[in-house]
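K.L.:
test case, fold it:
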Amino acid sequence: MSQQENENMKKDLHNEDATNSDGNSDTNKESVLGSASQEKDNSDNKNYSGVTESQNAAENKDKDHLEKAMIDESEVSSSQATKDAEEKMAATSSAQLEDEDEEELAQSSEKKDIQTEFEDTVAEDSEDETTSERHGIEKKDYHAMSKEELVKEFEHLVTTQKVQAIKEHVEEIKSEFNAKFDEEVEEKKEDFLAEGGNIIDFHYSTPIKKQFNSVYFDYKEKRNNYYQQLKQDLNKNLNKRLEIVEELKGLLDVEENINTTYKHFKELQNRWRTAGSIPRDKYNTVWNTYHHHVENFYDFLHLNRDFRDLDFKHNLEQKLKIIDRAEELTQEKDTSRAFRELQMLHKMWKEELGPVAKEYRDDIWNKFSEATKKIHDLRQSYYDDLEKNYEKNLEIKQEIITKIKSLSEGKYTSHNQWQQQIKELETLREQFFKAGKVPREKNEATWSEFKSNVRQFNRNKNAYYKGLKKEQYDNLERKKELIKIAEDNKDNEDFKATTPLMKKIQADWKKVGHVPRKDSDKVWKQFKAACNHYFNRMHENSNEENAEEMKAFDQKKEMLDSLKSFEFSGDKKTDLPKIKTAIEDWKNIGKVPFNKRFIEGKFNKLLDQLFSKLDVSNTKAEMMKYENKIQALNDADDDKKLRNEHYFLSKKVEETKAEIRQLENNLQFFSNVKDDNPLVKEVLKNIENHKEDLKIWKEKLKAIKSLY
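P.N.:
Residues are numbered from 1 along each chain as shown. Here you go, the predicted structure:
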């Protein structure tokens with residue numbers, strides 16, 4: 001190689017370094033992160049996710065071990081070289097184990113596990129380029145959502161997000177929806193069996209379940225179409241990378257100047273970085289093969305050490321920038337975001353940058369590992385705090401389960417009591433779902449205990465209502481008997497005799513308890529139709545009677561007005577017969593409409609005024625007025641009203657006698673007091689008044705008895 005060619009090659013390498021590193025620490029870091037952004041943009045444009053069923057398992061595994069994710073610097077030349085290096089390291093480690101303490105042994109074992117885990121993660125990310133998109137979608141508290149809210153959120157994700165980015169969300173929504181729906185199915189099944197149904201005939205579905213199934217079908221269809229296209233794209237990208245490896249092999253056999261060969265090598269490196277995702281199971285093999293031939297090319301360059309040293313220098317500078325960024329991430333408050341970016345930095349370290357000089361390899365890797373360890377510890381602390389919250393949620397849910405258990409063990413003896421407890425159970429169920437997540441290892445047991453106690457409550461409820469079935473069928477028979485009476489009498493022309501009967505069976509109907517739900521409307525319509533038929537006929541017939549009653553009201557109104565101007569002659573023997581005649585005329589006029597009966601009260605009040613002017617005894621005046629009421633009761637021909645009046649008068653007689661006895665007993669306290677004492681005189685006066693009242697009550701009672 002000529003001197004001029006050497007100088008040109010060095011100039012090209014220096015220009016490349018100047019482009020990627022201007023000496024400013026912040027700018028250099030932005031350059032590294034810019035490469036990551038470009039990689040992400042390429043991923044977005046290609047729309048690759050690589051979300052497969054096996055990958056989902058790996059994602060769940062990664063979620064449990066996020067804090068363990070570290071990667072060893074993998075710059076071994078080939079699979080065989082890797083094996084040789086590991087054997088050499090193992091031999092060296094064996095020689096040093098005697099000097100290490102137990103803590104160092106544990107740390108060594110942990111690092112080995114972490115390396116394996118992170119190798120799997122990088123391989124997985126090589127196939128899935130939507131990692132950042134998945135983490136960018138908000139994962140809500142699906143456990144606290146109702147079935148309707150879950151379906152709404154599911155629809156939103158399917159219609160607005162890439163199908164490859166929502167797998168975790170969909171699986172969690174599906175799990176929560178099925179759990180809630182299965183609980184509802186169990187409850188409906190218990191009700192179905194309690195009502196005598198056969199388990200073979202049981203089927204239950206709801207509109208919200210059908211809606212969920214429809215959305216899930218759309219999701220699976222989109223997902224399957226995506227995977228079919230993804231498989232084709234991954235294989236195309238694999239062929240591209242294998243072609244690059246073959247070209248890389250051929251660089252050593254090409255007879256051309258080193259300057260041209262080196263430029264060809266850099267072109268192949270750029271093509272490699274933009275070749276796209278490949279199948280996960282091919283990743284490590286293809287990557288190791290590629291780096292084997294990269295190392296071979298660097299060995300080929302040993303004839304011109306300056307070229308290789310410049311490349312090593314460039315790689316060292318870029319890796320130092322990655323270390324700086326990793327150390328900055330240890331101050332990031334969002335530990336999840338910091339960890340995701342750390343994964344990206346590890347991938348850049350492995351895929352985008354080549355080796356550095358051997359004297360720097362251990363040092364820079366240890367610095368990178370230390371920053372990774374700090375982020376891992378912060379992540380672990382975050383999950384520890386999360387676990388504490390989960391433990392609090394577990395305590396809340398255990399308290400709710402205890403209350404539900406208490407409800408399931410309660411003894412309730414009435415429909416109202418059961419309805420009250422059913423509402424209480426619904427409130428507790430809502431509180432349970434809103435309490436939040438519990439530790440994963442306790443989730444299944446907590447859910448099972450919750451369902452078991454709810455199921456026991458429902459069984460007790462169903463057993464109670466099953467016991468009511470016989471009573472309901474007895475009530476059904478009683479109501480059918482009342483329907484028969486109503487239908488037998490709905491066309492009866494004897495309204496005076498039939499109306500009390502129809503009113504009685506209406507009252508009896510109200511006293512009969514519940515009947516089976518399926519018969520309730522039917523029997524009520526039958527009974528109501530028969531009663532309405534009768535009372536419509538009765539009202540039509542009573543229109544004529546109403547006309548007579550209105551006529552009687554008008555006559556009584558005129559008579560009342562005339563009595564207001566009654567002129568006394570001054571002779572009691574002459575005036576009293578006139579008043580008696582007026583009372584008799586008033587009775588003979590007959591009944592007035594029910595809403596006009598106030599006129600009777602006005603008439604009695606006017607009689608009181610007239611009797612007071614004639615100096616008629618109170619007893620005689622009361623009985624003369626009472627005759628009017630007796631006549632009204634007799635005309636009504638209502639046994640119930642007569643019985644009520646008889647009961648009222650009997651009660652007043654007994655109450656008055658009791659008052660007299662009490663007053664007479666009170667006089668014993670005044671045995672040594674003169675009769676003209678004001679207190680004694682007051683008591684004696686009250687006794688006389690009560691005796692007068694007793695005489696009136698007895699006369700009225702005698703009169704009412706004469707009607708029986």
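K.L.:
can you list the residue ranges for helices in the stretch 151-300 of the chain?
P.N.:
167-194, 207-250, 258-273, 280-300 (DSSP state H, counting those that start in this stretch).
K.L.:
out of those helices, which is closest to Tyr412?
P.N.:
helix 167-194 (15.6 Å; Cβ to Cβ). Bear in mind the C-beta positions are built from the backbone N, C-alpha and C, glycine included.
K.L.:
in that closest one, what's buried?
P.N.:
167-170, 173-174, 176-177, 180-181, 183, 185, 187, 189-190, 192, 194 (16 or more other Cβ atoms under 10 Å).
K.L.:
packing partners for it?
P.N.:
The contact analysis (3 or more Cβ pairs under 8 Å, 6 or more residues apart in numbering; DSSP states H and E) places helix 167-194 against helix 53-64, helix 147-160, helix 207-250, helix 440-489.
K.L.:
distance between it and the chain's centre?
P.N.:
13 Å (Cα atoms, centre = their mean, to the nearest Å).
K.L.:
same thing with stretch 488-502?
P.N.:
With Cα atoms, centre = their mean, you get 56 Å for stretch 488-502.
K.L.:
can you redo the helices of the stretch 151-300 of the chain as a markdown table with distance to Thr656?
P.N.:
Listed next are the helices of the stretch 151-300 of the chain as a markdown table, based on distance: least, Cβ to Cβ, whole Å:
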| stretch | distance to Thr656 |
| --- | --- |
| helix 167-194 | 60 |
| helix 207-250 | 71 |
| helix 258-273 | 115 |
| helix 280-300 | 105 |
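K.L.:
format these as TSV; extra columns: distance to Arg597 and mean pLDDT.
P.N.:
Formatted as TSV, the helices of the stretch 151-300 of the chain follow (distance: least, Cβ to Cβ, whole Å; pLDDT from 0 to 100):
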stretch	distance to Arg597	mean pLDDT
helix 167-194	54	82
helix 207-250	58	89
helix 258-273	105	84
helix 280-300	97	83
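K.L.:
roughly how far does the residue most central in space within the chain sit from Lys222?
P.N.:
Centroid-nearest residue in the chain, with Cα atoms, centre = their mean: Ser146, separated by 4.0 Å. Distance of Ser146 to Lys222, given as Cβ to Cβ, to the nearest Å: 25 Å.
K.L.:
again with Asn239
P.N.:
27 Å.
K.L.:
neighbour count: these two, which is higher?
P.N.:
Lys222 (15 against 11; other Cβ atoms under 10 Å).
K.L.:
if we can go back for a sec, now do the contacts for the residue nearest to the centre of the chain.
P.N.:
If you count contacts by Cβ atoms under 8 Å, 6 or more residues apart in numbering, Ser146 has them with 180, 433.
K.L.:
next, give phi and psi for it.
P.N.:
With angles defined as degrees, to the nearest 10, Ser146 sits at phi -80, psi 170.
K.L.:
follow-up on the earlier one: dump the helices and strands packed on helix 167-194 to JSON lines, plus distance to Ala621.
P.N.:
Formatted as JSON lines, the helices and strands packed on helix 167-194 follow (distance: least, Cβ to Cβ, whole Å):
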{"stretch": "helix 53-64", "distance to Ala621": "100"}
{"stretch": "helix 147-160", "distance to Ala621": "77"}
{"stretch": "helix 207-250", "distance to Ala621": "77"}
{"stretch": "helix 440-489", "distance to Ala621": "45"}
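K.L.:
who wins for proximity to Gln662 among the ones you listed?
P.N.:
Gln662 lies closest to helix 440-489 among those, at 48.0 Å (Cβ to Cβ).
K.L.:
report the angle between that closest one and helix 167-194.
P.N.:
40 degrees (axes from the mean of the first three to the mean of the last three Cα atoms, to 10 degrees).
K.L.:
centre of the chain to helix 440-489, how far?
P.N.:
With Cα atoms, centre = their mean, you get 25 Å for helix 440-489.
K.L.:
same question, stretch 215-232
P.N.:
31 Å.
K.L.:
and that stretch, what's buried?
P.N.:
Buried-residue list, stretch 215-232, by 16+ other Cβ under 10 Å: 215-216, 219, 223, 226-227, 230.
K.L.:
do the same with stretch 663-681
P.N.:
Taking 16+ other Cβ under 10 Å as the criterion, stretch 663-681 shows 663, 680 as buried.
K.L.:
got it, and stretch 332-351?
P.N.:
Buried residues in stretch 332-351 (16+ other Cβ under 10 Å): 335, 338-351.
K.L.:
residue contacts, the closest residue to Thr289 other than its chain neighbours?
P.N.:
Distance criterion Cβ to Cβ, 6 or more residues apart in numbering; nearest residue to Thr289, sequence neighbours excluded, is Val245 at 5.6 Å. Neighbour list for Val245: 286, 289-290, 293 [criterion: Cβ under 8 Å, 6+ apart].
K.L.:
now these as CSV including neighbour count and distance to Asn458?
P.N.:
Putting the contacts of Val245 into CSV (neighbours: other Cβ atoms under 10 Å; distance: Cβ to Cβ, whole Å) gives the following:
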residue, neighbour count, distance to Asn458
Val286, 18, 58
Thr289, 17, 63
Tyr290, 19, 63
His293, 21, 69
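K.L.:
ok, these vs Lys657, which is closest?
P.N.:
Val286 (116.7 Å).
K.L.:
I figured that closest one hits Glu243, correct?
P.N.:
No: contact criterion Cβ atoms under 8 Å: Val286 and Glu243 do not qualify, at 11.4 Å.
K.L.:
picking that back up, mind checking the helices of the stretch 151-300 of the chain for the one nearest to Lys423?
P.N.:
helix 167-194 (14.9 Å).
K.L.:
quick one on the thing from earlier: quick one, which of the helices of the stretch 151-300 of the chain is nearest to Asn677?
P.N.:
Ranking the helices of the stretch 151-300 of the chain by proximity to Asn677 (Cβ to Cβ) places helix 167-194 first, at 78.4 Å.
K.L.:
now do the closest one against helix 207-250, angle only.
P.N.:
150 degrees.
K.L.:
relative to helix 147-160, how tilted is helix 167-194?
P.N.:
150 degrees.
K.L.:
which one is Leu607 nearest to, not counting chain neighbours?
P.N.:
Lys625 (5.3 Å).
K.L.:
who touches the one you found in this structure?
P.N.:
Counted by Cβ under 8 Å, 6+ apart, Lys625 has contacts 583, 604, 607-608.
K.L.:
give the ChimeraX command for selecting the buried subset of those.
P.N.:
In ChimeraX, selecting the buried portion of the contacts of Lys625, with burial taken from 16+ other Cβ under 10 Å, looks like this:
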select :583,607
